[in-house]
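S.K.: The following block contains a protein sequence and its predicted model.
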Amino acid sequence: MALRTPARTTRPVLRRLLTPLLLLGVPLLLAVAARWAWSSGRLPGGHDRVLVHAAAEPGDWALVAGAVLSVVLVLRWWLRRRARAAVRRAGQEAAARAGAQSARDRQLLLGRLDHELKNPLTAIRLALANVAAEESSPEQRERGLRSIEEQVLRLSRLTADLRKIADVRTAPLARHRVDLTALLEEAVEVVGEQPRAEGRRISLDLPRAPWPLPPVPGDGDLLSLALVNLVDNAVKYTPAGEHVEVRGRETPEGVLVEVADTGQGIPAEDLPHVWEELFRSQSARSVAGSGLGLPLVRAVVERHGGTVSAQSRENRGTVVRVVLPVTDPPDDVSADASADPGADPVGGAPGDVAAGVVERG
């Protein structure tokens, strides 16, 4: 451990003591000198020729002015020092709160990850026991092997989804002018072809006149991934016969995308947590998922400078809103009408991150 030298320790103390002494002493010394010079007649013109309409002599006024100036300077120095200390203290408190919140979030994430890993591992262990049992029939062994395969795939998807979120947050982001109209049409088409969409009505409401949605600067593959996840999750939590509506509008803040459903909704106490990794509402546990869908959407949108929000009513439905800013891309950004499909979106293998659907918790 490095030890601070006495000189380094005492230097700030001396500086703190000398500063007010100099601020207070120098003006006073100048005032005393002026008073002495006046009394001794050394000032130009001598004191007898100065007209002062006061009882005190001009030298006394110089002394008072020096004292007032000293007090003002010391007070100003003290106030500035106090303000700097307050700013420094506020920064330290903010850093401490952020650190504590980060620790709580990390602990919470580890707890959820433990839960998500424990279930498939327990299933694998039970399946292995059944497969290894001598009295097991060939059919039981086959079911056990299928269960092991399913759980391994589940674990593989979970780890891959976690890596996607980490990559989105940290990897370099490719930027192009992205046509959100085309991406939304594609997302609705892709999700509508999935088996889980059967019996659900999926509608798309986009402006066509007098102009369509403006392009947004960003990574087309990642934005497509986020939109597909939004639509897919809405469909997943919407029972057959109900409705999912995808809307897009231009607003002063950018392009607003809303994905609304008439599904089961999210309890009010769970709504603030749906953007957290691996969070799963108790009411959503009957539906297969990992709790990484909306966190991935949030990570993608925030990397593009956008915002996300959600509003829900139990047994009425949910609407998820995404706002993406419409800003001119930086100088090094391509002005293509759409994202380059061959571009490496986040620095990994093409399609590494921007692939697949992550399920909502």
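M.R.: That came through, no problem. Just so it is clear, the structure is predicted and the values come from calculations on it, not from any experiment.

S.K.: now the helix or strand hosting Arg80, how far from the centre of its chain.
M.R.: Using DSSP states H and E, Arg80 maps to helix 58-132. The chain centroid and the centroid of helix 58-132 are separated by 16 Å under C-alpha atoms, centre = their mean, to the nearest Å.

S.K.: Please apply the same query to stretch 179-197.
M.R.: 27 Å.

S.K.: Just the buried residues of the helix or strand just after the helix holding Arg80, please?
M.R.: In the C-terminal direction, the helix or strand that comes right after helix 58-132 (DSSP H and E) is helix 138-170. Judged by neighbour count (16 or more other C-beta atoms under 10 Å), helix 138-170 contains these buried residues: 144, 147-148, 151, 154-155, 157-158, 161-162, 164-165, 167-168. Bear in mind the C-beta positions are built from the backbone N, C-alpha and C, glycine included.

S.K.: and after helix 138-170, which helix or strand comes next?
M.R.: Tracing the chain past helix 138-170, the next element assigned as helix or strand by DSSP H and E is strand 176-178.

S.K.: tell me which strands and helices that following strand is in contact with?
M.R.: Applying 3 or more C-beta pairs under 8 Å, 6 or more residues apart in numbering; DSSP states H and E, one finds that strand 176-178 contacts strand 216-218, helix 220-236.

S.K.: now what about the next helix or strand after that strand, what contacts it?
M.R.: Counting by DSSP H and E, the element after strand 176-178 in chain order, helix or strand, is helix 180-192. In this structure, residues lying in contact with helix 180-192 by C-beta atoms under 8 Å, 6 or more residues apart in numbering are 197, 202, 204, 206, 212-213, 215-216, 220, 223-224, 227-228, 230-232, 235, 246, 248, 255, 257, 324, 338.

S.K.: Now do the nearest residue to Thr307 once chain neighbours are set aside: how many residues are near it, please.
M.R.: Setting aside the residues directly before and after it, Thr307 is nearest to Val323 in space (C-beta to C-beta, 6 or more residues apart in numbering), at 4.9 Å. A count of nearby residues for Val323, using other C-beta atoms under 10 Å, gives 20.

S.K.: quick revisit: now that we have the contacts of helix 180-192, which of them are buried?
M.R.: A residue is treated as buried here by neighbour count (16+ other C-beta under 10 Å); on that basis the buried members of those are 197, 202, 204, 206, 213, 215-216, 220, 223-224, 227-228, 230-232, 235, 246, 248, 255, 257, 324.

S.K.: tell me the contacts of the residue positioned nearest the centre of the chain?
M.R.: When C-alpha atoms, centre = their mean is applied to the chain, the residue found nearest the centroid is Glu302 (6.7 Å). The contact partners of Glu302, by C-beta under 8 Å, 6+ apart, come to Val308.

S.K.: what's the spacing between it and Val178?
M.R.: Glu302 sits 16 Å away from Val178, taking C-beta to C-beta, to the nearest Å as the criterion.

S.K.: Low-confidence bits of the chain, can you list those?
M.R.: Scanning the chain for pLDDT under 70 picks out the ranges 1-13, 15-16, 20, 23-24, 27, 38, 41-59, 328-361.

S.K.: Break it into its domains for me.
M.R.: Residue ranges for the structural domains of the chain, counted by the TED database, are given in the record as 21-38+60-170, 176-325.

S.K.: ok so, going back, in CSV, list the helices and strands packed on strand 176-178 along with distance to Arg81.
M.R.: Below are the helices and strands packed on strand 176-178 laid out as CSV (distance: least, C-beta to C-beta, whole Å):
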stretch, distance to Arg81
strand 216-218, 45
helix 220-236, 48
